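sequence first, predicted coordinates after that:
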Amino acid sequence: MPTSMPKPSPKPSSRTSRRKPLVYGVGVVVAAALFGYVSYRATAPDSPGGRSSSSVVAGVTADPDEGVYPELAKLARRDAGDKLAMGRADAPVVLIEYADFKCGYCGKFARDTEPALVKKYVDDGTLRIEWRNFPIFGSESEAAARASWAAGQQGRFWEFHRAAYAEGAKEKGFGKDRLKTLARQAGVPDLDRFVRDTDGSAAAAAVSKDQEQGYGIGATSTPSFLINGRPIAGAQPAETFTRAIEQAADREKNLGSAGQEGAKRPTGPEGTTSRTENSAAESPRAESSPAAGSSASEDSAK
């Protein structure tokens with residue numbers, strides 16, 4: 001397992017030379033190394049024993065604290081005005097997705113798994129989903145990312161997302177005319193503005209910000225996820241996400257209860273609480289295993 005953050009390939013973005021690494025605590029450096037390892041294993045060739053990397057499920061252990069990195073949880077923006085997010089800004093659980101519109105596994109997650117998560121958890125206020133554009137497959141990936149942001153400025157990001165991830169959509173490419181067609185399908189009201197916004201500096205800056213954050217936490221393939229600070233790599237089975245979300249929700253509920261009890265807890269003679277909290281001193285251990293995902297080195301038509 002690597003012990004340092006993997007270096008991103010210079011191929012995905014024309015802005016790579018200006019990319020600056022994000023600065024986090026030691027625990028997040030460890031998490032980034034792990035995330036990079038899991039991302040690599042998610043797209044590694046089949047093992048000698050014939051077991052495909054895509055057949056192995058990321059482990060979500062029974063311990064809700066294991067594999068959770070509080071500093072990664074802080075990456076949730078929780079901005080009520082975020083047009084590339086859905087769900088309550090104060091939802092107890094935030095799922096951050098780093099994805100590419102040319103990624104086949106991202107499309108699989110969008111079609112097969114995400115709708116059920118929205119219906120079960122977003123609609124009842126438990127979950128918030130925040131999108132991060134993470135284009136790794138070249139110029140068309142970046143163009144689609146900017147176009148999705150532009151659609152979002154007119155309140156149609158998720159409709160554009162649905163159209164771009166429809167079965168067979170990525171095989172048609174993401175040239176300018178195609179992106180305009182997708183915007184029309186998504187119900188973007190002002191197509192002229194959409195074109196201007198897609199080509200504008202604000203879209204490029206927004207995509208670059210998301211991309212740098214993804215590389216900064218060690219993501220090297222798509223899709224990659226954070227669920228309240230727990231890294232998950234690849235288009236895992238639905239039950240992996242369900243379990244992670246429910247564990248995160250339970251953890252937040254327990255933390256809230258503990259906070260209420262702590263407010264009533266008598267203090268020691270020096271004003272300290274009677275119980276020493278040491279969770280911050282221990283680095284939680286994530287046990288994610290490889291799963292289906294796409295890396296820039298793979299055939300984008302996969």
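Received it, and whenever you're ready, just let me know what you need.

which SS class is residue 77?
At residue 77 the chain is in coil, as set by DSSP: H, G, I helix; E, B strand; the rest coil.

could you report the neighbour count for it?
16 (other CB atoms under 10 Å). Where you see a C-beta, it was placed from the backbone N, CA and C, and this is true even at glycine.

what's the answer for residue 98, then?
26.

what sits against it?
Residues near residue 98 by CB atoms under 8 Å, 6 or more residues apart in numbering: 132, 134, 210, 213-214, 219, 222-225.

pLDDT check: weakest of those residues?
Here the lowest pLDDT out of these sits on residue 219, with 93.

the protein: helices as residue ranges?
For the chain, the helices defined by DSSP state H cover 26-42, 70-73, 104-108, 114-117, 139-152, 157-164, 176-185, 191-199, 201-216, 238-264.

please work out which of the ones you listed is packed deepest.
helix 139-152 (a mean of 25; mean count of other CB atoms under 10 Å).

find the nearest non-adjacent residue to residue 96, please.
Of all residues not flanking residue 96 in the chain, residue 226 sits nearest, at 4.4 Å (CB to CB, 6 or more residues apart in numbering).

list the contacts of the one you found.
Counting by CB under 8 Å, 6+ apart, residue 226 makes contact with 72-73, 75-76, 94-96, 217, 232.

need the residues you listed in JSON lines (columns: pLDDT and distance to residue 143).
Shown next, in JSON lines, are these (pLDDT from 0 to 100; distance: CB to CB, whole Å):
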{"residue": "72", "pLDDT": "95", "distance to residue 143": "29"}
{"residue": "73", "pLDDT": "96", "distance to residue 143": "31"}
{"residue": "75", "pLDDT": "97", "distance to residue 143": "25"}
{"residue": "76", "pLDDT": "98", "distance to residue 143": "27"}
{"residue": "94", "pLDDT": "98", "distance to residue 143": "28"}
{"residue": "95", "pLDDT": "98", "distance to residue 143": "25"}
{"residue": "96", "pLDDT": "98", "distance to residue 143": "23"}
{"residue": "217", "pLDDT": "92", "distance to residue 143": "24"}
{"residue": "232", "pLDDT": "95", "distance to residue 143": "27"}
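
which of those residues lies closest to residue 247?
Comparing the contacts of residue 226 against residue 247 with CB to CB places residue 232 closest, at 11.8 Å.

surely residue 136 and residue 100 touch.
Yes - using CB atoms under 8 Å, residue 136 makes contact with residue 100 at a distance of 5.4 Å.

overlap in contacts of the two?
With CB under 8 Å, 6+ apart as the test, residue 136 and residue 100 both reach 222, 294.

returning to what we had before: closest one to residue 118 out of the contacts of residue 226, please.
For those, the nearest to residue 118 is residue 95 (10.3 Å; CB to CB).

for that closest one, give its distance to residue 124.
14 Å (CB to CB, to the nearest Å).

neighbour-wise, which of the two wins?
Counting neighbours by other CB under 10 Å for residue 95 and for residue 124 shows that residue 95 has the greater number, 26 against 11.

leaving out chain neighbours, which residue sits closest to residue 122?
residue 87 (4.5 Å).

looking at the chain, which helix or strand is least sure?
helix 26-42 (a mean of 57; mean pLDDT, DSSP states H and E).

list the contacts of the residue nearest to residue 122.
Per CB under 8 Å, 6+ apart, neighbours of residue 87: 122, 125, 127-129.
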